[in-house]
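**Student:** The following block contains a protein sequence and its predicted model.
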Amino acid sequence: MRRVAIAPMLLALPATVLGLAGCDDGDAFVAELADVPALAPQVEWADRMCAAVVQTSPPLTPPKTDQSDVGATLQTLVDMFDTMAGLLDEQHAKLHTVGRPPEGSDRAFRTAMRHLAEAHGLARRVERSLSRSAAASPDDLQEALGQIGALWGPGADYPGFVLDLVGLDRDLLPAIAQAPTCANLGVS
């Protein structure tokens, strides 16, 4: 039986959670184009887009787990991934309502929305996989967590909607850098 430690998997979760909000070490990336003037409609759109992301990105922390209580640990992980999937789904709906950027790439927006849907799908697959687990011992839990690795695929390296969109259409960066709400995401 292949053993996988739970700690490294849980340590990776903060990066995933921050990715939901669009946070990353993008300071150099933002500084590069932040001083370029943006049109008012683009800045207004960016502000609405970032508001949708902020509303669906509450601070989440990795859960505290006790490997001696496998059932509670498993349920905690199921609940966490269920919450993540729900937030990603809500974010997708809000961003769909905001719509594509004016003067921006429709293709980039559609691609970023597809990536968001893939991240949602991954969180949901992990939640379902863990909820079906019959883990009764720490070894069973390790095995269930090890099986999650087989689920990684599209959505596993999701940087968050804002960084994904800007990576697909760099011309949007000035508007995002100038939108007040985007400052709450650390990208302005």
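**Tutor:** Received it, and whenever you're ready, just let me know what you need. Numbering: from 1, shown residues only.

**Student:** Can you give the distance of the lengthiest helix in the chain from its chain's centre?
**Tutor:** Longest helix in the chain, counting residues (DSSP state H): helix 70-98. Put simply, helix 70-98 sits 10 Å off its chain's centre (CA atoms, centre = their mean, to the nearest Å).

**Student:** Might you list the low-confidence residue ranges for this protein?
**Tutor:** Low-confidence segments of the chain (pLDDT under 70): 1-35, 153-156, 186-188.

**Student:** where do the helices sit along it?
**Tutor:** 6-21, 27-33, 40-55, 70-98, 106-131, 138-148, 161-168, 173-178.

**Student:** by contact count, what packs against the shortest one?
**Tutor:** Judged by 3 or more CB pairs under 8 Å, 6 or more residues apart in numbering; DSSP states H and E, helix 173-178 is in contact with helix 27-33, helix 40-55, helix 161-168. Yep, even glycine has a C-beta here, placed from its N, CA and C like the rest.

**Student:** Let me have the ones you listed in CSV, adding distance to H115 and mean neighbour count as columns.
**Tutor:** CSV is the format used below for the helices and strands packed on helix 173-178 (distance: least, CB to CB, whole Å; neighbours: other CB atoms under 10 Å):
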stretch, distance to H115, mean neighbour count
helix 27-33, 17, 13
helix 40-55, 13, 20
helix 161-168, 5, 24
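
**Student:** And these: which comes nearest G104?
**Tutor:** With distances scored as CB to CB, the stretch of the helices and strands packed on helix 173-178 nearest to G104 is helix 40-55 (7.1 Å).

**Student:** Mind listing residues that contact that closest one?
**Tutor:** By CB atoms under 8 Å, 6 or more residues apart in numbering, the surrounding residues in contact with helix 40-55 are 21-22, 38, 91, 94-95, 97-99, 101-104, 160-162, 165, 172, 174-176, 178-182, 184-185, 187.

**Student:** Buried members of these into PyMOL, please.
**Tutor:** Listed next is the PyMOL selection for buried residues among the contacts of helix 40-55, using 16 or more other CB atoms under 10 Å:
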select buried, resi 21+22+38+91+94+95+98+101+104+160+161+162+165+172+174+175+176+178+179+181+182+184+185+187
